[in-house]
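Student: give the three-dimensional model of this entry:
(2 chains)
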Amino acid sequence: MKLVIDNVSKTYDNGVKALQNVSLEIPKGMFGLLGPNGAGKSTLMRTIATLQDADNGSIMLNNISVRDNKQAVRKILGYLPQQFGVYPKMSAEVLLQHLAVLKGLTKKNERNDMVNALLHKTNLYDVRKQNLGGFSGGMKQRFGIAQALLNNPRLLIVDEPTAGLDPKERNRFYNLLSEIAENTIVIFSTHIVDDIKELCTQMAIMNKGKVVLTGNPLQLMEKLHGRVYQKTIERRALDAYKKQYTVINDKLFLGKPIIHIVSDTVPNDGFVPIDASLEDVYFTQINP
Amino acid sequence: MWYEIFKFELGYRIKRPETYLFFGFLLLFSMVGVDFIFQGVEMGLMKKNAPLVIAKTMGAITGIFMIMVSMIMGVPVLRDFQYDTEALLFVNPLTKRDYLVGRFLGSFISLLFIFSGLLWGMMIGSQMPWHTAGELLPFNAFAYIQAFTVVVVPTLFFGSCVFFVTGMLSKKLLVVYTQGIVLFVLFLLTKAITNEYLQGILDPFSLTTLTQYSKDWTIAERNSLGITLQGILLVNKLFWVGIGGLVLFFGYRKFSFSVLAKKPKRTTKSTKQGVANSEGQPIALPKISLHHSFSAHCIQLYELSKFYTLSLLKETSFWAIVGCGMVIILINSVSLGTVFGVDSYPETHFIIAELQEMSMYFFIIILLFYSGELMWKERAVQQHVLSDATPIPGLVPITGKWIALITIYMVLMLSLIVTGILFQSASGYYKFELEVYFSGFFIEILPFLMVYTFLAFFFQSISKNKFIGIFLTLIFFIVNMGTEYLGFTHSLYKFGGKTLGIYSEMNGYGHFLKPYVWIKLYWMAFGVILLILSSLFMQKGTEISLWKRLQTIKSQLTKPIAYAVLSVSLIFMVLGSYIFYNMNVLNPYWTASQKQTFRANYEKTLKPFEYLPQPKITDIDLLIELYPETRSYEVKGTYRLENTTAEVMQEIHIQKWIAAHLELGDVVFDMAVTENRAYSKFGYTVYTLQRPLQPKASITMKFTQQSYPKGFEDTDSDIRFVHNGTFFNNEILPTLGYNRRYELNEETERAIFALGSRRKKAKIDDANERVNARSGGDADGINLEMTIGTSGDQTAITSGKLVGRWTKNNRNYFTYKTNEPIVNFYSVVSAVYDVKKDGWQPASGIVQAVDLEVYYHKSHDYNVDRMIAAMKQSLSYFSTHFSPYPYQQLRIMEFPRYREFAQSFPGAIPFSEALGFVLDIDDDTDVDMAFFITAHEVAHQWFGMQIESANVQGQHFILETLSQYAALMVLKANYSEEKVRQFLALQKEIYDDKRKKATSEPSLALVTNEDFVYYNKGAIAMYKLQQLIGEEQVNKALQNFISDWRSHTGTIKATTDRYATSRDLLQYFRDVTPEDLQDALHEWFETNAEIKE
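Tutor: Here you go, the predicted structure:
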């Protein structure tokens, strides 16, 4: 089981180049897709999920072309889009049943079992009769997860799945995902770096429609090892530092900026060497 | 701040394609607006661009397109809610007033722009080349602007207020769609109001108001006076604008931003969320199997149909429609099958006809909007990103949606049927014919809806959004109807085919059902192709441009889909070929222009023969074999022809009845003839006699005629020969000489072929026609002997005494023979009948007894006794006061409701199913019209059968007016004076109504085809005459008139070959009228002065 994305490009009608020559190889297991808003993650995922076609390039799933054989892909696909709607005046249970029918669960008892199991898994069982219009953001997200899993997918695409979930829910969800990922390709997009670190064995960083880095998170961090330094500075000095060093990250700690820089030589000037985090890897790619 | 919102709203509308679509549509529609709204309305001398006509057209078009008002005005607030922009709006320092005023005004100005299409369209339309100069006044832009301002703008304002507020408060798009219906219901309700003034006030579109407003106007005023805000119109407009303002005020008070923001309530259950179940206990996901086989798709189809049906049934708007429908039916069914002010029994076919008519609007609304709703169901809430990534083939959900919509129609149909049954029970009528209910909806309406639903789905699938889809469907509807007027009528390319036509209790759907079913199957096959195409064109995933979608079709076109398309196309073509074979190969298919050309050529070629002297028929001997099962017949006939002129005759011209599959053969004379078939394409043959026919000499002509219909026709299917209820008269048999009936009638059509204008009736002193009792009468009295064979369950009836009756080969045979000459006008009927027999014994011994018989359809026995009573009373009165009744039998025979009249033939009166048999006569409130119509027809046994009248102006004064008088006298003798007054009041009402619309009104003495003169004015004038000079005197005049002019034996008639005219008749009246009252006589009968009751 392997998904091969080869040289895929997509330009929207308004001229935005959402994907530019993207090539990736995604094996079984959790695959993280990291990138800022607008990097093209969702476009790539929609394309894999058969909702739209790339302008050129190919996506092959076990030698099946996703573009030409959408039905074959859909049969094993689970997809949780970043944004989706639901019929507000319908209950979670009814809509899950409906989507299960669409996915081919035509045996009624199997369908009922599956819907019930997923309602439990996503902790929606108690509110299964409630109208979806009354769901909170987190509940709706859990509903989205449940529907993505209805057909025991072999290819699971989840686009920003943890948005709106509280930490406890997020953990539950991660457990669920890693359980599934044992024999499934799970493609998982996020802009939260920590999510990837916790879950993924393979990852890619995208920026402005291009894949800028792929690899194993630990190995990627290893590459930066010994080259990242940190310093707490005055706010007004920030611009000056940016000119002088390769500042990859600046954030506030107790109201004062802390900056991270990459440097092959040891900078003096009060910088302290630190262990490279995945976040640093990310920012070296995004803010070069 | 409100100005910003206003600008924003305008800007939004300027960018939206609907704005221009609606505008353009109104523009185009209004160009044919007057012709569309006033089609079939007798305009009389009123011009097509008279201010009143403009105003009415504008009012009606505004009413029809209220739905646009709803679509523009209902959505502005809703839009903010739908697209979740409301949160952004609260943040802004925006007051409720600014927000609402801006949104309302912005939308209203856009709406005015859209509806200005109506104004420009009508102006342009008046300049279009299809009008003739005489129909128009000089162009006057002010009349248009005035009507627009006075009639349209207030209506728009009212609609805007109401729709804006309902859209804002309900926040539901479906409510926005359906509120147009509510207004329509309101409009219909006003029709039920009997108080005219109140009705005028309450009409939201001001149509009745305008009628009221202008009711006292003369023709000149109608053509010149502008429509200004005064009188009832002012009250009407104030009323509706006031209501609009009130609604707006109420909405303004009720609305708050928090209303906008309020999400549906959460149930209290949700407090438990997240704690209870399954925390920490890992639940293994069960094993499942996925199915993508054909049988799995069938299960999916079933589940999806159920899913979509239930979701539609949950819509309150649907139940609102059902409720409205039921209310309307209950209100409108109050008067059914009304004939001269008397209602019929609520028989199921009446109810169903009413239900069909009233509910059509609802069905079309459901079709238009719910098809959009269903097709965009996923996309409207952004759910498609979930469902489009599932492996279900696109055809399955779309088919499920189609089935769901059809189910919804059926639910509405069933609730309407229940309403109908409730109505019948409430009226104390318990003969519920469920099969008639079901066939009325499920055979007559459902196939139409099915076919159009396919179409609506298709338009939705290629459209960018719901509105465009709805509009494309609507435009198609109108175009499809409109092309009919341009002559595009063939069912093979007229989308959906035609309607089934009239249901007759006697004949059911008859032979009309078969072509109907084939045509519907053909269009259903086409619909299935459309559905498959829709599933391919439909938006899927996030790709929305039609062009990109079309590119993906190749990959979607899997083998099963391709095979499905191919096989359905094959079925479609086979059905089409079969239908074409029936309609165009087995039967001749004539377009309208081919028919016209034929008629024009007939006239041009044969007109010179019109008054060529021809012999008269004196004896007719017929053997007619009817085969009702196949609608065929065979005739063997013998005519005896006599030269009644003073000159020798060389030629005999025989005109065959022109009809498909009719064959006239073996025309043989008992004398050698040569045949000239130069005119055979007109069915016209000239026989030259080898020895000329001397005056007073006779010749015998034998012929055979047969007709075996083949397959089925597209239109013009014969209604004379049907499975049960055959009714034809001798016009279908060979006639002598040129036949005027084939001439083109319409003046505009005649002009195309450069034919001069055709007189409706010859002038009163036209020498040629004064010797004819009817067009192509061919005889001055005949002896008739006829044997009719028909199927074993039917009875066949014609004029004359029944002299033989037997059964052979399971067929019934009847022989009828006249004992004295009758006019050459006789009919044959054949149907399964119940019969009621009675007899009339004359008071004096001079007259012979008469057998009375009423032949009726088995369930139509309601008024048979009234008819018998009318026959008896009429025979008594007429034979006492006018002259003896010449025959020994008088029969009434019911025939199917395809034709709605009763007609007298010698001793026989065919009487339509629609006319008197099912009237529910309440002796307290109604005039006994079954009695009156019967008396009128019996009177024709005198005026028509005994007195014939020359085929010139005033002919109907003698035939119809005198029959009206005679019947009225019988009514007067048997019913109270109050009933007579009620009857006269109705005559007056019809007369006033029709004369106002008529182009011209002749006097009774010179009346031609103006039925309101010879029926309605005639009845009043004759009633006044007998009040003035006394019933005795009038009867004496008529008695003398008959004795002098009685056909062939009258003292004057025997000496002349001409027939009586209205001048002769008036002389008899003058003779019995005192000198000082002669002026009144002149005024009533010889002028067209308005007659007062």
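
Student: which bits of the stretch 151-288 of chain A sit near chain B?
Tutor: The stretch 151-288 of chain A comes close to chain B at residues A:151-152, A:168-169, A:179, as judged by C-beta under 8 Å from any C-beta of the partner chain. C-beta: built from backbone N, CA, C; applies to glycine.

Student: which of the residues you listed fall within helices?
Tutor: Here DSSP state H is the test, and these give A:168-169, A:179 as lying in helices.

Student: out of these, who's the most crowded?
Tutor: Among these, A:E169 has the most neighbours (other C-beta atoms under 10 Å in any protein chain shown), with 19 neighbours.

Student: quick one, what contacts the residue nearest to B:Y1059 when sequence neighbours are not counted?
Tutor: In this structure, B:Y1059 finds its nearest non-sequential neighbour in B:A950, 3.9 Å apart by C-beta to C-beta, 6 or more residues apart in numbering or on different chains. The contact partners of B:A950, by C-beta atoms under 8 Å, 6 or more residues apart in numbering or on different chains, come to B:769-773, B:1058-1061.

Student: just the buried members of the residues you listed?
Tutor: For the contacts of B:A950, a burial check counting by 16 or more other C-beta atoms under 10 Å in any protein chain shown picks out B:769-773, B:1058-1061.

Student: report the buried residues of stretch B:1034-1049.
Tutor: Residues of stretch B:1034-1049 classed as buried by neighbour count (16+ other C-beta under 10 Å): B:1034-1038, B:1041-1047.

Student: output it as PDB, restricted to C-alpha atoms.
Tutor: This file holds the C-alpha atoms of stretch B:1034-1049, laid out as PDB (Å, rounded to 0.1, in the frame of the first residue of the first chain):
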ATOM      1  CA  VAL B1034     -98.300  36.000 -29.700                       C
ATOM      2  CA  ASN B1035     -99.400  32.400 -29.900                       C
ATOM      3  CA  LYS B1036    -102.000  33.200 -32.500                       C
ATOM      4  CA  ALA B1037     -99.400  34.900 -34.600                       C
ATOM      5  CA  LEU B1038     -97.100  31.900 -34.400                       C
ATOM      6  CA  GLN B1039    -100.000  29.600 -35.200                       C
ATOM      7  CA  ASN B1040    -100.700  31.500 -38.400                       C
ATOM      8  CA  PHE B1041     -97.000  31.700 -39.200                       C
ATOM      9  CA  ILE B1042     -96.700  28.000 -38.900                       C
ATOM     10  CA  SER B1043     -99.800  27.200 -40.900                       C
ATOM     11  CA  ASP B1044     -98.600  29.500 -43.700                       C
ATOM     12  CA  TRP B1045     -94.900  28.600 -43.700                       C
ATOM     13  CA  ARG B1046     -94.900  25.000 -42.500                       C
ATOM     14  CA  SER B1047     -92.400  23.200 -44.600                       C
ATOM     15  CA  HIS B1048     -93.800  22.100 -48.000                       C
ATOM     16  CA  THR B1049     -97.400  22.000 -46.900                       C
END
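
Student: what sits up against that stretch?
Tutor: B:773, B:780-781, B:821, B:823, B:881-883, B:942, B:946-948, B:962, B:965, B:969, B:1022, B:1025-1026, B:1050-1054, B:1059-1060, B:1064-1065, B:1068-1069, B:1071-1072.

Student: just the buried members of these?
Tutor: With neighbours counted by 16+ other C-beta under 10 Å, those contain buried members at B:773, B:780-781, B:821, B:823, B:881-883, B:942, B:946-948, B:962, B:965, B:969, B:1022, B:1025-1026, B:1050, B:1053, B:1059-1060, B:1064-1065, B:1068-1069, B:1072.

Student: among those, name the ones in strands.
Tutor: Applying DSSP state E to these, the entries found in strands are B:780-781.

Student: and A:V86, what does it touch?
Tutor: Contacts of A:V86 by C-beta under 8 Å, 6+ apart are A:95, A:132-133, A:135, A:140, A:143, B:381, B:383.

Student: lowest-confidence member of the contacts of B:A950, which is it?
Tutor: Among these, B:A773 carries the weakest pLDDT, at 79.

Student: how much space separates that residue from B:Y742?
Tutor: Counting by C-beta to C-beta, to the nearest Å, the gap from B:A773 to B:Y742 is 20 Å.

Student: and the pLDDT for B:G180?
Tutor: Predicted confidence (pLDDT) for B:G180: 69.

Student: so is the host helix or strand of B:V479 next to chain A?
Tutor: Assigned by DSSP states H and E, B:V479 belongs to helix B:466-485. No. Counting by C-beta under 8 Å from any C-beta, chain A has no neighbours in helix B:466-485; the shortest distance is 15.6 Å.

Student: export that helix as CSV, just CAs?
Tutor: Presented in CSV, the C-alpha positions along helix B:466-485 are these (Å, rounded to 0.1, in the frame of the first residue of the first chain):
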residue,chain,number,x,y,z
LYS,B,466,-30.4,26.9,-8.0
PHE,B,467,-31.9,30.2,-9.2
ILE,B,468,-30.6,29.8,-12.7
GLY,B,469,-31.8,26.3,-12.8
ILE,B,470,-35.3,27.3,-11.7
PHE,B,471,-35.3,30.0,-14.3
LEU,B,472,-34.1,27.8,-17.1
THR,B,473,-36.9,25.4,-16.3
LEU,B,474,-39.5,28.2,-16.1
ILE,B,475,-38.3,29.6,-19.4
PHE,B,476,-38.5,26.2,-21.0
PHE,B,477,-42.0,25.8,-19.7
ILE,B,478,-43.1,29.0,-21.3
VAL,B,479,-41.2,28.5,-24.5
ASN,B,480,-42.6,25.0,-24.8
MET,B,481,-46.1,26.4,-24.4
GLY,B,482,-45.4,29.4,-26.6
THR,B,483,-44.2,27.4,-29.6
GLU,B,484,-47.6,25.8,-29.7
TYR,B,485,-49.0,29.1,-31.0
